[in-house]
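Asker: here is a sequence together with a model predicted from it:
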Amino acid sequence: MILNELYDRSPEAYQDLSQDNTQPRLSDTRKTRLTLRQLNKLRQMNDIRSVEYREKLKDIKRQYAPAPEPPTGL
């Protein structure tokens, strides 16, 4: 768990249980094929993941940025 997740809760419905058909059954003998809906959902999830990663990098850069120098004007 990331520390920021304690303060900023993630949006609900990251996982859609009604669409979760990953559990194979004994009668499943062929490899499953991805539908266009599933491919589109994967693309959207990848886009969201990349945006979240960039926001996370901004936070990290802000946290570890060097302290601003005090003004030296007399």
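Answerer: Now that the structure is in, tell me what you want to look at.
Asker: switch to C-alpha atoms for all contacts and neighbour counts from now on
Answerer: Fine.
Asker: where is the longest helix in the chain?
Answerer: helix 36-63 (DSSP state H).
Asker: any idea of the pLDDT on the residue most central in space within the chain?
Answerer: Per Cα atoms, centre = their mean, the C-alpha nearest to the average position across the chain is that of R49, at 3.5 Å. Note for R49: predicted pLDDT of 94.
Asker: now swap in the one 10 residues further on and tell me
Answerer: At D59 the predicted local confidence, pLDDT, stands at 93.
Asker: go on, Q15?
Answerer: Q15 is given a pLDDT of 67.
Asker: remind me which residues of the chain are low pLDDT?
Answerer: Within the chain, the stretches with pLDDT under 70 are 1-2, 4-5, 8-15, 17, 21-22, 74.
Asker: distance of D28 from L36?
Answerer: Here D28 is placed at a distance of 21 Å from L36 (Cα to Cα, to the nearest Å).
Asker: again, but for I48
Answerer: 18 Å.
Asker: more crowded one of these two?
Answerer: Taking other Cα atoms under 10 Å, I48 and L36 do not tie; I48 has more neighbours (12 against 9).
Asker: quick one: the longest helix of the chain to chain centroid distance?
Answerer: The chain centre lies 5 Å from the centre of helix 36-63; the measure is Cα atoms, centre = their mean, to the nearest Å.
Asker: same question, stretch 57-72
Answerer: The answer for stretch 57-72 is 25 Å, by Cα atoms, centre = their mean.
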